[in-house]
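# What follows is a predicted structure for the sequence shown.
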Amino acid sequence: MALVIVTGLPASGKSTRSTQLYNYIQPRLGEISEQSQGTLKGRNLNVRIVSEHDFDLDRDIYRDTRLEKPARGAIFAAVERYLDKNTIVICDAPNYIKGFRYQLYCTAREVGALNLTLWTLASTDQARQLNNQREDGYSSEVFDQLAFRYEEPNGATRWDQPLISVLLEDESINYTQLLNILTTQKQKKVNIGVMTMPATAANYLQVLEATTTQVSSAITSASADNAGVGGSVTIALPKDLLPLPQKDFSDPHRPVIDLPLKQITPAQMNRYRRAFVGLHRNDKAIDAKSVAGLYILFIQTTLSA
Ligand SMILES: Nc1ncnc2c1ncn2[C@@H]1O[C@H](COP(=O)(O)OP(=O)(O)OP(=O)(O)O)[C@@H](O)[C@H]1O
């Protein structure tokens, strides 16, 4: 039904706000289902929190990005497990990596769930102070690392929208507004652009690598040709990648991308490519055309972030 991605600095109040939100929503679900004139009518609605604290993680995992990965995997799997058309999932975790929030957003879209980002906004000094005041907080070294690595949400990117910020000093959240967004906004249609396909193709990784390399070089050369100009440019893709299957392109035979004024360097493009491949390496059987379209959409979203 809906996914609330809570994000914020360490000790910025994510668990506190998640619990408050849960306590507000939970007793109202029956009434919402009874009084709804729309698709929620008569449904058995649920809300649940998926918290990183459910997994008894040592705060020191954030000392080493390799140790964090399985933790993120566990959180992601739990969100995937509980998110369905009747359930609001509140994901109470650092969610500090842009790419991870994007993955969560993709999962929500796959099941037609609404996505909402709740940013617990505190200054680093405020959060550090709260962290130091609790007995089981992060060590100051881990706190500093996490604060340094934090990738703030951006309301202009698709995966952070709608973005609701709540200040530490706010007495309470505007729960009514949040619940309205979660229950009355139209659910997004499942979009092929963010759908993952069943795992079957044995050569998927090669397809992923080869296709993203082809598209990268087409975008890099379009950017070089338009250096200092930017704007909407058609990407010259090899014929076998066309037409793109995603509905996001007005002409699937001539995909257009909005380029920045400044030329995209091959090194920059390679960073985007690696990030995309990392995000999609487990999707398995997406065919080359779908990969190409998805990748262009990813680049477009990243460039406009
Ligand atoms: N709005 C607030 N005003 C004052 N103190 C707060 C507020 N919100 C949370 N706290 C306190 O700050 C500390 C951290 O809160 P909380 O555990 O909710 O943060 P968190 O972001 O979930 O932390 P973590 O990063 O460890 O998951 C707790 O001691 C809590 O009581």
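All right, it came through fine.
# Quick check: the gap between S217 and the ligand.
41 Å (Cβ to the nearest ligand atom, to the nearest Å). Just so you know, the C-beta spots here come from the backbone N, C-alpha and C atoms, and that holds for glycine as well.
# if I look at that residue, how far off is T211?
Remark: distance between S217 and T211 (Cβ to Cβ, to the nearest Å) = 11 Å.
# ok, the two, which is more surrounded?
Comparing S217 with T211 by neighbour count (other Cβ atoms under 10 Å), the higher total belongs to T211, at 24 against 13.
# which stretch of helix or strand covers T19?
Taking DSSP states H and E as the definition, T19 sits inside helix 14-25.
# which secondary structure elements does that helix contact?
strand 2-8, strand 46-51, strand 87-92, strand 114-121, helix 175-184 (3 or more Cβ pairs under 8 Å, 6 or more residues apart in numbering; DSSP states H and E).
# average pLDDT across it?
For helix 14-25, the mean per-residue pLDDT is 96.
# what's the angle from that helix to strand 114-121?
130 degrees (axes from the mean of the first three to the mean of the last three Cα atoms, to 10 degrees).
# Any idea how far helix 14-25 is from the middle of the chain?
How far helix 14-25 lies from its chain's middle: 20 Å, per Cα atoms, centre = their mean, to the nearest Å.
# what comes up buried for that helix?
14-15, 17-18, 21-22, 24-25 (16 or more other Cβ atoms under 10 Å).
# And the contacts of whichever helix or strand comes after that helix?
Next in sequence after helix 14-25, counting helices and strands by DSSP H and E, comes helix 29-35. Outside helix 29-35, the residues within contact range by Cβ atoms under 8 Å, 6 or more residues apart in numbering are 40-47, 179, 183.
# which of the residues you listed has the most neighbours?
V47 (24 neighbours).
# what residues does this structure put near the ligand?
The chain comes close to the ligand at residues 8, 10-16, 130, 134, 168, as judged by Cβ under 6 Å from any ligand atom.
# can you rerun that using 5 Å?
Residues of the chain lying close to the ligand (Cβ under 5 Å from any ligand atom) are 10-16, 130, 134, 168.
# Return a selection command, for use in PyMOL, containing the buried ones of the residues you listed.
Command for PyMOL that selects the buried part of the residues of the chain next to the ligand, burial taken from 16+ other Cβ under 10 Å:
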select buried, resi 10+11+12+13+14+15+130+168
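# averaged over its residues, what pLDDT does the helix or strand hosting F148 have?
Using DSSP H and E, F148 sits in helix 140-149. For helix 140-149, mean pLDDT rounds to 93.
# what does stretch 168-184 give?
Rounded mean pLDDT across stretch 168-184 is 85.
# Okay, buried residues for it please.
Neighbour count says stretch 168-184 has 168, 173, 178-179, 182-183 buried, by 16+ other Cβ under 10 Å.
# Same list (those) but as CSV, adding distance to T124.
Output for these, formatted as CSV (distance: Cβ to Cβ, whole Å):
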residue, distance to T124
L168, 12
I173, 22
L178, 25
L179, 30
L182, 30
T183, 34
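# wait, which of the residues you listed is closest to the ligand?
If you rank these by distance to the ligand using Cβ to the nearest ligand atom, L168 comes first, at 4.8 Å.
# Got phi/psi on that closest one?
Phi and psi for L168, reported as degrees, to the nearest 10, are phi -50, psi -40.
# how far away is it from G13?
The gap separating L168 from G13 is 6 Å, by Cβ to Cβ.
# and if you look at R271?
Taken as Cβ to Cβ, the span from R271 to G13 is 32 Å.
# Could you do P266 as well?
Distance from P266 to G13, by Cβ to Cβ: 42 Å.
# same thing with L67?
24 Å.
# Equivalent analysis for A78, please.
According to Cβ to Cβ, A78 stands 21 Å off from G13.
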